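**Q** got a sequence here, can you model it:
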Amino acid sequence: MKKQVIEYAGVPVGIVVPDEDRLKFIAVKYHVHDLDEQRFRSTDEVKLAIRDLLSRQQAKPIHV
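**A** As a prediction, this is how the structure comes out:
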């Protein structure tokens, strides 16, 4: 496997590259930067992590 673009809601947010027996996620969008350089077993696992991360970010209260 070569590098593969990862999209979320139709927007490219990063790539995965092979890293030993895992896939290393390289974030290209700021809102997924917390996942940068983490390793995953599959692209589906990456997408789940992105969904979970973004849902937690949206759930945070905004103080004005």
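**Q** show me what the longest strand along the chain packs onto, helices and strands only.
**A** Ranked by residue count and defined by DSSP state E, the top strand of the chain is strand 11-19. Where contact means 3 or more C-beta pairs under 8 Å, 6 or more residues apart in numbering; DSSP states H and E, strand 11-19 is packed against strand 4-8, strand 22-27, helix 43-59. Backbone N, C-alpha and C define where each C-beta goes, glycine included.
**Q** which stretch among these approaches residue 37 most closely?
**A** Proximity to residue 37, assessed across these by C-beta to C-beta, is greatest for strand 22-27 (6.1 Å).
**Q** contact partners for the residue most central in space within the chain?
**A** Central residue check for the chain by C-alpha atoms, centre = their mean: the C-alpha nearest the mean position is that of residue 50, 4.5 Å away. Residues near residue 50 by C-beta atoms under 8 Å, 6 or more residues apart in numbering: 6, 8, 13, 32, 35.
**Q** neighbours around the closest residue to the first one other than its chain neighbours, how many?
**A** Nearest-residue entry for residue 6: residue 14, 4.9 Å, with adjacent residues in sequence omitted and distances by C-beta to C-beta, 6 or more residues apart in numbering. The number of residues packed around residue 14, counting by other C-beta atoms under 10 Å, is 20.
**Q** can you check residue 43 too?
**A** When neighbours are counted by other C-beta under 10 Å, residue 43 registers 15.
**Q** do residue 2 as well
**A** By other C-beta under 10 Å, the residues close to residue 2 number 7.
**Q** and it, which of the three is it?
**A** With DSSP: H, G, I helix; E, B strand; the rest coil as the basis, residue 2 sits in coil.
**Q** just name the most buried of the helices and strands packed on strand 11-19.
**A** Each of these was given a mean neighbour count from mean count of other C-beta atoms under 10 Å, and the largest, a mean of 19, is that of strand 22-27.
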